[in-house]
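Participant: From the sequence below, what's the structure:
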Amino acid sequence: MNKPSRIDFNSVVGILLALIAIIAGQMLEGGHIGSLLQGAAFVIVVGGTVGAVLLQSPVRVFLNGVKMGAWVFFPPAVSSHAVIKQILHWSDISRKEGLLALESYVQVAKDPLAKKGLQLLADGSQPDKLREAMEVECFSLESYQRQSARIWEAAGGYAPTIGILGAVLGLIHVMENLSDPDRLGSGIAVAFVATIYGVGLANLIFLPVANKLKSIIAQDVVMREMLVDGLVAIAHGENPRIIENRLKGYVV
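Facilitator: Model prediction:
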């Protein structure tokens, strides 16, 4: 039921526009890009933020959240019309050949939830038991995905504070070298650039990614609810036209 993922140009344009605006503003003020490139500040902010997020999240959730970050540019493409078409096909098969005939579609189904639902149908599960079993799996998957997406939200909360920490460390470096004017510049640069990195990463990367992932998860939840509703309707033996009209209510 999934189509090959296509790049989300909205995300590409958004991040490029934000970066171009910041760089252009810096240059219009008479500054140069090199002044924004401070390795020490980057290590402090990014390393500190990743460490803080790792501290609050299980490794499995953290790694899955990082993997889900690719959805911002390559979201999982699911066609609601394709889902409806597939459900109606299963409905026709069950009415003509019986629910047991759906067992041949279990191995063909790529979606784990669809695979489980078809197997339960073929096994003759009661509609209420079918819905209960599938809703438990839907809830577990949604909960796991939302936990994974929250690592980006957490990073957006920690990064500005870590940036301030980097600024303080830079100022400490400045105070320690007041007698050496040649070393004051680098310390001040780290101090201010660390704050820019913290606030910039939080508001241009981490928080937008978190919100984008939440939106994608919400769409995925709707598709799973549609699948569950369709399979339960098949278990009830409802007419395919009634099933189709009900499922079209999910399509906005």
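Participant: Off-centre distance for the longest helix belonging to the chain?
Facilitator: Ranked by number of residues, the top helix in the chain under DSSP state H is helix 127-176. A distance of 11 Å separates the centroid of the chain from that of helix 127-176, by Cα atoms, centre = their mean, to the nearest Å.
Participant: what's the answer for stretch 223-237, then?
Facilitator: Taking Cα atoms, centre = their mean, one finds stretch 223-237 lying 26 Å from the centre of the chain it belongs to.
Participant: Please list the residues outside that stretch that contact it.
Facilitator: Residues lying outside stretch 223-237 but in contact with it, judged by Cβ atoms under 8 Å, 6 or more residues apart in numbering, are 78, 80, 83-84, 87, 90-91, 94-95, 99, 111, 113-114, 117-118, 120-121, 125-127, 130-131, 134-135, 138, 141-142, 242-243, 246-247, 250. For the C-beta atoms, the positions are set from N, CA and C on the backbone; glycine is no exception.
Participant: Buried residues in it, which are they?
Facilitator: Buried positions in stretch 223-237, judged by neighbour count with 16 or more other Cβ atoms under 10 Å: 223, 224, 226, 227, 228, 229, 230, 231, 232, 233, 234, 235.
Participant: Phi first, then psi, for the second one.
Facilitator: According to degrees, to the nearest 10, the main-chain angles of residue 224 amount to phi -70, psi -40.
Participant: any idea how far it lies from residue 146?
Facilitator: Distance, residue 224 to residue 146, by Cβ to Cβ, to the nearest Å: 13 Å.
Participant: For stretch 34-46, give the mean pLDDT please.
Facilitator: The average pLDDT for stretch 34-46 rounds to 84.
Participant: who's in contact with that stretch?
Facilitator: Stretch 34-46 is contacted from outside by 23, 26, 159, 162-163, 165-166, 169-170, 189-190, 193-194, 196-198, 201, using Cβ under 8 Å, 6+ apart.
Participant: which non-adjacent residue is nearest residue 91?
Facilitator: The shortest distance from residue 91 to any non-neighbouring residue, by Cβ to Cβ, 6 or more residues apart in numbering, is to residue 240 (4.5 Å).
Participant: Next, find the distance separating that neighbour from residue 88.
Facilitator: Between residue 240 and residue 88 the computed distance is 5 Å (Cβ to Cβ).
Participant: try residue 19
Facilitator: Counting by Cβ to Cβ, the gap from residue 19 to residue 88 is 46 Å.
Participant: what about the most far-flung residue of the chain relative to its centre, which SS state?
Facilitator: For the chain, the largest distance from the centre (Cα atoms, centre = their mean) belongs to residue 179, which lies 49.7 Å off. Following DSSP: H, G, I helix; E, B strand; the rest coil, we place residue 179 in the coil state.
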